[in-house]
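Novice: below is the sequence, then the predicted model.
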Amino acid sequence: MSALDPAPSPQHAAVLSLATTVAHKFGGSSLASAQRYAHVAGLLRGRDDAVQVTVVSAMQGVTDALIALGDAAVAGEDWQPHWDALHEKHRTAAATLLGTHADITLAWLDAQFQDLHAILAALTLLGASGEPALARVHGLGEVWSARLLADALRAAGDDVAVLDARNVMEVGRNELGVVVDWDASARRLAAWRHEHPQARVVVTGFVARDAKGAATTLGRNGSDFSGAIFAALFEAAELHIWTDVDGVLSADPRAVPDAVYLPKLSYDEACELAYFGAKVIHPQTMAPAIARGLPIVIRNTFNPAHPGTRIDAAGDTAALLPAKGLSLVSDLALLNVEGSGMIGVPGTAERVFATLHASNVSVVMISQGSSEHSICCVVRAAQAQTGRAALERAFAPELAQGQIQKVTLEAGISVLAAVGDGMAGTPGVAARFLGALARARVNLRAIAQGASERNISVAIAAADATRALRAAHAGFWLSPQTISLGVIGPGKVGAALLDQIAQSAPRLLRDTNLDLRLRGIADSRRAWLGEHDSGDWRAKFDAATPSDLDAFVAHVHAAHLPHAAILDCSASPAVAAKYPDWLAAGIHVITPNKQAGAGPLPHYHAIRAAAAAGGARFRYEATVGAGLPVIQTLRDLLDTGDELHSVEGIFSGTLAWLFNRYDGVLPFAQLVREAHALGYTEPDARDDLSGTDVARKLVILAREAGYALSLDDVQVESLIPPELVAVSAQEFLDRLGDFDDAMRARFAAAQAQGNVLRYVAAFDREGRAQVGLRALPASHAFAHLQLTDNIVLFSTRRYCDNPLVVQGPGAGPDVTAAGVFADLLRVATALGARV
Ligand SMILES: NC(=O)C1=CN([C@@H]2O[C@H](COP(=O)(O)OP(=O)(O)OC[C@H]3O[C@@H](n4cnc5c(N)ncnc54)[C@H](O)[C@@H]3O)[C@@H](O)[C@H]2O)C=CC1
Ligand SMILES: N[C@@H](CC=O)C(=O)O
């Protein structure tokens, strides 16, 4: 249209859009059976492409079968049964697909297979591989496949031309692979088109001709390449690559079940992702499309209503996240050349890579620090020994003279790459990527980022690969932040916690992308181990089986999940004894169990050291004041530079409740039994009445403030009658009533003075620590608490005139569980969740 032409009318525009040529390519999975050919034929017929060019692969498995047939013939093995099977497979497909229209196609197939038979017989006779003859054999599957599809379309009434690419597409080869002779191919196509003007063309993928006219193939993934070449030769407006997935995903869904579908990608992004993991299209095959700006759409043959992934020059300009996806390549090894003689010497890198090139070793990733002291590269595992030997030979003189110290090879390497156009020029992307890996305790062996900033690659141990992939995927908010949870001690607090998690997890997943995945529940005798937490945890635990703690924790600390947390809701010192090991292994530990925070000092230090070294979190806010923010408040004071002068208060919900309720009339022992039933007391109520529980809390706070306090340092007044110290927990509850008179007398004495009884804890900066029952004036602040209220008074340099007070219910399963849960959410936030 010239500039003087009038603007096209809407009708004209419609005609223009109708006049588009669309190229399609169907792979073997889309053409695995007669039913699938019929489905593809229907799909193509349902489209309104003005000109439709369809490039096909062989039926699924046929190319491999043909390669095996050729090899068998050359090796003189018996190929006849395999020929028979292949012949039968195609006859059956044709007969099923075409029904009463099958005769001509069957005769054609029989002739084709006789030709194949003759070639194989000749190869057997010669016993040597003739390249063109083998190429001819390998490409027959596409020839048969094109005919089957074309005949299916014809049977439905369409006028279809079959283009045998061996008559049109001319290719040569250089070091980088196949080179298309575009002029020759275009000339041949024009001539062919002159004879075959049909609007529907079915083209053989994979096969081509060389400059002498001999049959050849495009190599593995050749059909995709054929699709792009014919889309270019036909000047198509789009190339649709039909496969068995909806499009490109942000990561391999087998490793990251939450991988997200990507509606748009730029060519560069698709190349980066395709290289490593998203095998829907091979980057090399995109070259003709990229050169012409031809959009490629990856679509699902079995879900044609899905729009698929569109790959073009622009990509997704509206994308909000910097990274589009993550790709992982495995079976690699790290080669490292290291030596002080390399520093500042030009040409070392050139020698390293020239050596690898000469040995035909392909380099996947390169990294060199600016000191030039070492240069490392990642290569395929299968080529690693060859590469190392070649480097040792090439640098033998320098190794002998000590200028190069060593050439090392480390096997078992994977490379994980974050990919996205939006990463370029966006500060913090590397931090997010590497931070997510660090939090998942993945060690990085080498790092590489090109100046395009579109790909950051890290070499890691293969054993860490899945965990790293998931952690990075979640770190870029492409999928939820998953924490594998194991709950120990489904007693009162544990049960409340499990209920709270079950109730909140779906909302947290929906609103904050945090996936709290309950994968185990254990008590001292048995455990339930599972993969997901949907469903009633009680029913699961009912089916628990005998298990030891180590097996339980090993299951929770699954290698494939980025983060694991143990929620210890027992009161067991044996469980607490394991914390240093778990923390050192990178498992987060969250607990209301005071045995660790107030246990022997060396153990406490071991816990702290393990957490600091391994990066795992140890959180135990619920050990003091249950759900109240007592430890966090103290931490905030100290972290902001304040100094603790003293801490004082009522630290026991049980004792608060008992003395708030006790009126000298109701039997004290009855109240103790009630407190136990309400879940306020420790599993053994004597821990409360002995003052031990309060002393533990005091120790925890003092240690948090930097004092090396132990339980033995606390002056404790026990309320346990000496006669009941050594009996069982139940006998203690049963017999406590025998000693009610003593408590009644103490109450009456205090009352006579106008006082109330309160069990008080106190610690000062001189290190004095005591807990005991005090008679306080009725006007005292401690006399006006409600129910299980704890009160903690922090006197500090800043809060010296008036203490900072934390007050509220300090015991009970629900509030304690909430304190544990809040700790878990703090850990999740530190791991990158947006709670
Ligand atoms: N109840 C409360 O108000 C508060 C309790 N806590 C602490 O919470 C923890 C749990 O208390 P409750 O639920 O009231 O006790 P509980 O007696 O109801 O539950 C304890 C659970 O731990 C399990 N258990 C015991 N020994 C074990 C072992 N060696 N290995 C694995 N599991 C074991 C028991 O089978 C039971 O399921 C205790 O450490 C307690 O000090 C902390 C703050 C408040
Ligand atoms: N038994 C304890 C529970 C909380 O630590 C108490 O009563 O305070």
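Specialist: Perfect, thanks for sending it. Ligands and ions are numbered 1, 2, ... in the order given.

Novice: test my guess that A527 contacts G520.
Specialist: Yes: counting by Cβ atoms under 8 Å, A527 does reach G520; the two are 6.1 Å apart. (Each C-beta comes from the backbone N, C-alpha and C, glycine too.)

Novice: which neighbours do the two have in common?
Specialist: F552 (Cβ atoms under 8 Å, 6 or more residues apart in numbering).

Novice: what about the closest residue to ligand 2 within the chain, which helix or strand?
Specialist: Here the chain gets closest to ligand 2 at one residue, T654, 3.2 Å apart by Cβ to the nearest ligand atom. Take DSSP states H and E as the rule and T654 turns out to sit in helix 653-661.

Novice: how much distance is there from the very next helix or strand once past that helix to the middle of the chain?
Specialist: Per DSSP H and E, the first helix or strand lying C-terminal to helix 653-661 is helix 668-677. Put simply, helix 668-677 sits 49 Å off its chain's centre (Cα atoms, centre = their mean, to the nearest Å).

Novice: helix 668-677 versus helix 653-661: what angle between them?
Specialist: Put simply, helix 668-677 runs at 140 degrees to helix 653-661, going by axes from the mean of the first three to the mean of the last three Cα atoms, to 10 degrees.

Novice: what comes up buried for helix 668-677?
Specialist: By 16 or more other Cβ atoms under 10 Å, the buried positions in helix 668-677 come out as F668, A669, L671, V672, R673, A675, H676.

Novice: what sits up against the helix or strand following that helix?
Specialist: For helix 668-677, the succeeding helix or strand toward the C-terminus, using DSSP H and E, is helix 686-689. With Cβ under 8 Å, 6+ apart as the test, helix 686-689 has contacts from 571, 652, 654-655, 672, 675, 680-682, 692-694, 718-720, 724-725, 729, 732.

Novice: distance check, the residue in the stretch 1-150 of the chain positioned nearest to ligand 1 against A616.
Specialist: Residue nearest to ligand 1 within the stretch 1-150 of the chain: S29 (49.7 Å; Cβ to the nearest ligand atom). Separation of S29 from A616 (Cβ to Cβ, to the nearest Å): 44 Å.

Novice: in terms of neighbours, single out the busier of these two.
Specialist: A616 (24 against 17; other Cβ atoms under 10 Å).

Novice: my read is that the residue of the chain closest to ligand 2 contacts A675, right?
Specialist: Yes: counting by Cβ under 8 Å, T654 does reach A675; the two are 5.0 Å apart.

Novice: overlap in contacts of the two?
Specialist: In contact with both T654 and A675: T681, A685, D688, using Cβ under 8 Å, 6+ apart.

Novice: re earlier: any buried residues in the helix holding T654, and which?
Specialist: Residues of helix 653-661 classed as buried: G653, T654, L655, A656, W657, L658, F659, N660 (neighbour count, 16+ other Cβ under 10 Å).

Novice: try stretch 607-626
Specialist: For stretch 607-626, by 16+ other Cβ under 10 Å, it's 607, 610-611, 614, 616-626.

Novice: per-residue pLDDT of the residue of the chain closest to ligand 2, please?
Specialist: pLDDT, T654: 98.

Novice: need the contact list for it.
Specialist: A675, Y680, T681, E682, A685, D688, L689, D693, T788, A811.

Novice: out of those, who's nearest A259?
Specialist: Nearest to A259 among these is A811, at 44.8 Å by Cβ to Cβ.

Novice: re earlier: among the contacts of helix 686-689, which ones are buried?
Specialist: 571, 652, 654-655, 672, 675, 680-682, 692-694, 718-720, 724, 732.

Novice: ok, and of the residues you listed, which contact ligand 1?
Specialist: Applying Cβ under 6 Å from any ligand atom, the subset of those adjacent to ligand 1 comprises A571, Y680, E682.

Novice: can you redo those as a markdown table with pLDDT?
Specialist: Shown next, in a markdown table, are these (pLDDT from 0 to 100):
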| residue | pLDDT |
| --- | --- |
| A571 | 97 |
| Y680 | 96 |
| E682 | 95 |
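
Novice: for these, which one is nearest ligand 1?
Specialist: Nearest member of those to ligand 1, counting by Cβ to the nearest ligand atom, is A571, at 3.4 Å.

Novice: number of nearby residues for the residue nearest to that closest one when sequence neighbours are not counted?
Specialist: In this structure, A571 finds its nearest non-sequential neighbour in P683, 5.1 Å apart by Cβ to Cβ, 6 or more residues apart in numbering. A total of 14 residues lie near P683 under the criterion other Cβ under 10 Å.

Novice: as JSON lines, the buried residues of helix 668-677 with distance to ligand 2 and pLDDT would be great.
Specialist: Shown next, in JSON lines, are the buried residues of helix 668-677 (distance: Cβ to the nearest ligand atom, whole Å; pLDDT from 0 to 100):
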{"residue": "F668", "distance to ligand 2": "15", "pLDDT": "97"}
{"residue": "A669", "distance to ligand 2": "17", "pLDDT": "97"}
{"residue": "L671", "distance to ligand 2": "13", "pLDDT": "98"}
{"residue": "V672", "distance to ligand 2": "11", "pLDDT": "98"}
{"residue": "R673", "distance to ligand 2": "14", "pLDDT": "97"}
{"residue": "A675", "distance to ligand 2": "7", "pLDDT": "97"}
{"residue": "H676", "distance to ligand 2": "9", "pLDDT": "97"}
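
Novice: in this protein, what residue comes closest to ligand 1?
Specialist: Residue nearest to ligand 1 within the chain (Cβ to the nearest ligand atom): G491, separated by 1.8 Å.

Novice: need the longest helix for this structure.
Specialist: What stands out as the longest helix in the chain, according to DSSP state H, is helix 103-126.

Novice: following it, which helix or strand comes up?
Specialist: According to DSSP H and E, the helix or strand after helix 103-126 is helix 131-138.

Novice: quick check: closest non-adjacent residue to the most centrally placed residue in the chain.
Specialist: With distances taken as Cα atoms, centre = their mean, R470 lies nearest the centre of the chain, 1.3 Å away. Nearest residue to R470, sequence neighbours excluded (Cβ to Cβ, 6+ apart): P562, at 4.9 Å.

Novice: wait, that neighbour sits on A440?
Specialist: Yes: if you go by Cβ under 8 Å, P562 and A440 touch, sitting 4.1 Å apart.

Novice: can you show me the helices along the stretch 551-700 of the chain?
Specialist: 573-576, 579-584, 594-597, 601-614, 630-639, 653-661, 668-677, 686-689, 692-704 (DSSP state H, counting those that start in this stretch).

Novice: so which of those is nearest A199?
Specialist: Using Cβ to Cβ, the helices of the stretch 551-700 of the chain put helix 601-614 closest to A199, at 66.3 Å.

Novice: any buried residues in the stretch of helix or strand D499 belongs to, and which?
Specialist: D499 is located in helix 492-512, with elements delineated by DSSP H and E. Buried residues in helix 492-512, counting neighbours by 16+ other Cβ under 10 Å, are found at 492-498, 500-502, 505, 508-509, 512.

Novice: residues in the protein within reach of ligand 2, list them.
Specialist: Contact residues (Cβ under 6 Å from any ligand atom) of the chain with ligand 2: A626, S652, G653, T654, Y680, T681, E682, D688, D693, G810, A811.
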